[in-house]
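Asks: give me the fold of what follows.
(3 chains)
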Amino acid sequence: MPPAYIPLLLFSLLVLAFPVVTLIVLKYIRPGSGGGPTKFQPYEYGILPETSASRPYSTRFYIIAMLFVIFNVETVFLFPWAVLFRSWLAAHLAGFALIPMFVFLGILLVGYVWLYKKGAFDLASLR
Amino acid sequence: MLDSVIFYFFAGIAIVSAVLMITRRNAIHSAIFLITTLLATAGIFLQLRAEFLFISQIILFVGGIMVLFIFVIILVRLDVPLPQVRWRTQKWIALLVTLAVGMEAGVVLWFARKIPGQGLIFPNPAPADKLHPNTEELARSLFGSYLLPFEIASVLLLVAMVGAVVMAKKRIDA
Amino acid sequence: MSPMLHSILAFVQAWWVELLCALLIVLVVPLIAVYIALVERKFMADVQARPDSTRVGPHSLLQQIPDALKLLFKEDLIPANADQFIFWFAPVLSMTAALTSMGAVAFGPWFQVARDINLGLLFAVGVSALRPLGIILGGWASNNHYPIIGALRSTAQLISYETTAGFALVSGFLLAGTLNVRAIVEIQRTDQAWFVFLAPVGFFIYLIASIVETNREPFDLPETKSELVAGSIAEYGGFRWLLYFLAEYANRIVVASVGTTLFLGGWLRPFPNVRWLIWLDAAPTLLLAAVGAYCVFRAGKQPAREQSLFMWAVALACFVVAAIFALAAPFGHLPFELMHNGLYGAFWLLLKVSAYIYIFTWLRFTLPRFRFDQLMRLGWHILIPLALINVVDVGIALALSSEFGLNRWLSMVITTVATLGAAMLLLHWNDKYADAASAGLLADSSVVEGTHAG
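Replies: Residues are numbered from 1 along each chain as shown, chains lettered A, B, ... in the order given. This is a model prediction of the structure:
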């Protein structure tokens, strides 16, 4: 492991331990509590809930998540390109710097326009 | 020495999480252990000095695909615990097959290490100070040797976009 | 045993600044987070033209400490049907993701947990991708309709704008040519321009995306008090709520730091290369001395003696820190002079980060909320294509200035104008689309609630 990451690893372990330890310690320090079974009902503005939490939810969220994964992959492809861009320009490779990524973005732009027209990003039904 | 300790730490977490993931009855619990397995695998990538791969694993796999998995589990309501009785015999058969395959792989690896020239090859890792910065190096090879697969990846993403919407449309219309 | 101890000691000796920074972040950031909440309260009172509370400590400066203690000792209620394991796990995951991403952020050239890692800012951006997980798991674990709907909406909002923020950052990385935090700031110094002047549209998009990413007004519909009962965190009380709260404020600090480092010049003072502006170096000392003087002035006007003493203590602290800054000036005494870069850099960075968070707070109390579908439309229809066009334009601008020898500023102006023109077109198309779709949307009210459309 590159040595610079070791403090980061220790830091993330410390950060993970902090809420866990505090939660455990607080469980013993906290004063006791009373109250009946109503306290543990799910909160719904004071009305007793009638149905359990199992109503169907909209499929729009699935589409948004799928599209997010795809555009996230596109973002991750853009990061290495951005990092080497200036060095390619310095080596007089401007065309090589721009054209492959424009092709990549162009193909995805075609997809994006199709999605736009299809109404995939909208909360209304798909057309 | 430190490298081995870190590797065993991440590998241990990965194996334990993977076992927990396949033995949970609740789908969301499995998803959480899959998240820890993926994070541990990312840690192993980091330990091998593949830094960009480490962060891509976290951004794409844990931050993207696992969110998608959990959305699907919630939307399709797969989180209802399955009755245990269906799994009873399957569990023992699965365990038997796993042991058989594991022993097979172990035996092959053990005997193969004695064959000269055909055994396991352990290439010497590059010394750390000779490695170029990882992101730049990955970008160089991505836009150098692997330019065509990179462009084909965009077509793949296009297909995925269209496919996702078409399949979801079928479900909404159904 | 002894060689291992030696290697551990050697490691600590080589990396003590980073380890100290790690410890400080874990201890200090929760305190800073609650004080940012205090500043927000003061600002809210000012904007709403009403006096704020002044009871606990002068100007209510000590208010947050009893508040935090109350949250620690409040009853830890887990609803009967909730999933115990995930109810435990989700706030811890949120908090861990928020604080770990702070590890890659550099508070000045000296204070950074991850020194000179190749990933730099991308580490902070990447670990922030774990944010939606904490929210969706927390909402689901509550086993209650409202948190689940709130969590779904909140997560959908976060993931939509994560792509936008990524594209906006890519335009910054194009200008920087590296992901390493220290190198990014150095390039802004040698290029003699903060990247916000070279890619203003990118910074603007990142500003909007970072407001959405941290679930702030005007984009906080999934978690407002009047809508879904605080949304995905409705069932979390006491210390668990405090964990979500700390995670949210830590996220604010992280996105502000990332935006400041990439676009606003990080820890550089304004015009770092201009010799005759070197008197700006005295700004930290003068500012702190002025704050100390103001505290002394107000100390005499406090109603109670304890509050008076508290103001004197604050004034003393300000003067001590101002003295440290004065000693660390470039023409001060060694060894303080060695701390010059670290201290002054930290001051300028924190000033800029505070300005960024101040803009957050300002927008919070000024703009009305976005409806959820408006928010989604803004993200997917307008900001994502605009951010992509911005990336393309920044690339073209750089290529123009390097290949054809066009002046850097001229090419930036040309491409920024082109990007803004594209933005106008996008807004125009979106309006046409919205008019066509709104008729269908309003007739279908179940859509906005998030339940099955049919």
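Asks: and the host helix or strand of C:Val320, which residues are buried?
Replies: Using DSSP states H and E, C:Val320 sits in helix C:305-327. Across helix C:305-327, burial judged by 16 or more other CB atoms under 10 Å in any protein chain shown covers C:307-308, C:310-311, C:314-315, C:318-319, C:321-322, C:324-327. The C-beta positions use only the backbone N, C-alpha and C, and glycine is treated the same way.
Asks: got it, and stretch B:17-31?
Replies: Neighbour-count burial for stretch B:17-31 flags B:17-18, B:20-21, B:24, B:26-31 (criterion: 16+ other CB under 10 Å).
Asks: and chain A, is it touching that?
Replies: No. Using CB under 8 Å from any CB of the partner chain, we find that stretch B:17-31 stays clear of chain A, coming within 13.1 Å at best.
Asks: quick one: is stretch A:77-87 near chain C?
Replies: Yes. Using CB under 8 Å from any CB, stretch A:77-87 reaches chain C at A:78-79, A:82-87.
Asks: mind putting those into JSON lines with distance to C:Leu351?
Replies: Conversion of those to JSON lines gives the following (distance: CB to CB, whole Å):
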{"residue": "A:Leu78", "distance to C:Leu351": "31"}
{"residue": "A:Phe79", "distance to C:Leu351": "29"}
{"residue": "A:Ala82", "distance to C:Leu351": "28"}
{"residue": "A:Val83", "distance to C:Leu351": "29"}
{"residue": "A:Leu84", "distance to C:Leu351": "33"}
{"residue": "A:Phe85", "distance to C:Leu351": "31"}
{"residue": "A:Arg86", "distance to C:Leu351": "29"}
{"residue": "A:Ser87", "distance to C:Leu351": "33"}
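Asks: which members of the residues you listed occur in helices, if any?
Replies: Secondary structure from DSSP state H places A:78-79, A:82-87 of the residues of stretch A:77-87 next to chain C in helices.
Asks: tell me the one of the buried residues of stretch B:17-31 nearest B:Glu104?
Replies: Minimum distance to B:Glu104 across the buried residues of stretch B:17-31 is 19.6 Å, recorded for B:Ala18 (CB to CB).
Asks: ok now the helix or strand where the closest one lies, how far from the chain's centre?
Replies: Secondary structure from DSSP H and E places B:Ala18 in helix B:2-23. Here helix B:2-23 is found 13 Å from its chain centre; the criterion is CA atoms, centre = their mean, to the nearest Å.
Asks: can you confirm C:Tyr236 is in a strand?
Replies: No. Using DSSP: H, G, I helix; E, B strand; the rest coil, the assignment for C:Tyr236 is coil, not a strand.
Asks: I figured it hits C:Trp88, correct?
Replies: No. Using CB atoms under 8 Å, C:Tyr236 makes no contact with C:Trp88, being 10.8 Å away.
Asks: neighbour count for those two, which is higher?
Replies: Higher neighbour count among C:Tyr236 and C:Trp88: C:Tyr236, with 27 against 16, using other CB atoms under 10 Å in any protein chain shown.
Asks: picking up where we left off before, pLDDT added to the residues of stretch A:77-87 next to chain C, as TSV?
Replies: As requested, these are exported to TSV (pLDDT from 0 to 100):
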residue	pLDDT
A:Leu78	93
A:Phe79	93
A:Ala82	92
A:Val83	91
A:Leu84	90
A:Phe85	91
A:Arg86	89
A:Ser87	89
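Asks: format those as TSV; extra columns: neighbour count.
Replies: Formatted as TSV, these follow (neighbours: other CB atoms under 10 Å in any protein chain shown):
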residue	neighbour count
A:Leu78	22
A:Phe79	25
A:Ala82	26
A:Val83	26
A:Leu84	22
A:Phe85	26
A:Arg86	19
A:Ser87	15
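Asks: please consider this matter closed, and thank you.
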